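Colleague: sequence first, predicted model second:
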Amino acid sequence: MLKIRFSVALTVSLAITGTAIVLLVIYGADIAVGYSSDNGEGFIPFDHKTRGMGLGLPAMILPIIAYFISRKESSKGLGIMIIIAGILIITGGAVVIGNADPVKAEETGRNVLSETMPIIIAGLIQIGLGILKIKKS
């Protein structure tokens, strides 16, 4: 007989991590559309900073919250989802670094690498938490 164990903490954690993954996929799709369009704008009518705050920031925070909400629950699925979110964040950071215009960065005085490193570190933290979650399961 199959035993199904229901845990509110685990269910909430799976839901918010799933939400983070959806936000990251939408954010990535918007950026991809922007790169392929003539005007450089995606389908979300906000500037890059607003998109980052609205889609990227919650996507970085939610999986970390999910890990701590469900820290006493074992779930390989949640661990895998947290790792996926981390990989998507690191991929997004790598795309930003790879597509940075050095001339524009020099004109504006921006250092793309130093601006993107916190994002990559957050992705690495998520991957680490996902691995911990899997090992505890």
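Modeller: Cool, got the structure.
Colleague: so which bits of the helix or strand encompassing L88 are buried?
Modeller: Following DSSP states H and E, one finds L88 within helix 76-98. Neighbour-count burial for helix 76-98 flags 78-86, 88-90, 92-93, 96 (criterion: 16 or more other C-beta atoms under 10 Å). (Glycine included, C-beta is placed from N, CA and C.)
Colleague: and stretch 96-110, by the same measure?
Modeller: Buried, per 16+ other C-beta under 10 Å, within stretch 96-110: 96, 100.
Colleague: what is the mean pLDDT for it?
Modeller: For stretch 96-110, the mean pLDDT works out to 74.
Colleague: so what's the gap between it and the chain middle?
Modeller: Relative to its chain's centre, stretch 96-110 lies at 22 Å (C-alpha atoms, centre = their mean, to the nearest Å).
Colleague: please apply the same query to stretch 9-18.
Modeller: 15 Å.
Colleague: do the same with stretch 86-104
Modeller: Stretch 86-104 sits 13 Å away from the centroid of its parent chain (C-alpha atoms, centre = their mean).
Colleague: show residues contacting it.
Modeller: 21, 24-25, 27-28, 31, 35, 56, 59-60, 63, 112-113, 116-117, 119-120, 122-130 (C-beta atoms under 8 Å, 6 or more residues apart in numbering).
Colleague: mind listing the helices for this protein?
Modeller: Remark: helices assigned in the chain by DSSP state H are 8-36, 48-51, 57-69, 76-98, 102-108, 112-136.
Colleague: so who does I31 touch?
Modeller: Going by C-beta under 8 Å, 6+ apart, I31 touches 42, 92, 95.
Colleague: now do I69
Modeller: With C-beta under 8 Å, 6+ apart, I69 has these contacts: 9, 12-13, 16.
Colleague: which members of the residues you listed are the farthest-apart pair?
Modeller: Greatest spatial distance in the contacts of I69: A9 and I16, 10.9 Å, computed using C-beta to C-beta.
Colleague: between the two, who's got more neighbours?
Modeller: Between A9 and I16, I16 has the larger neighbour count (other C-beta atoms under 10 Å), namely 19 against 15.
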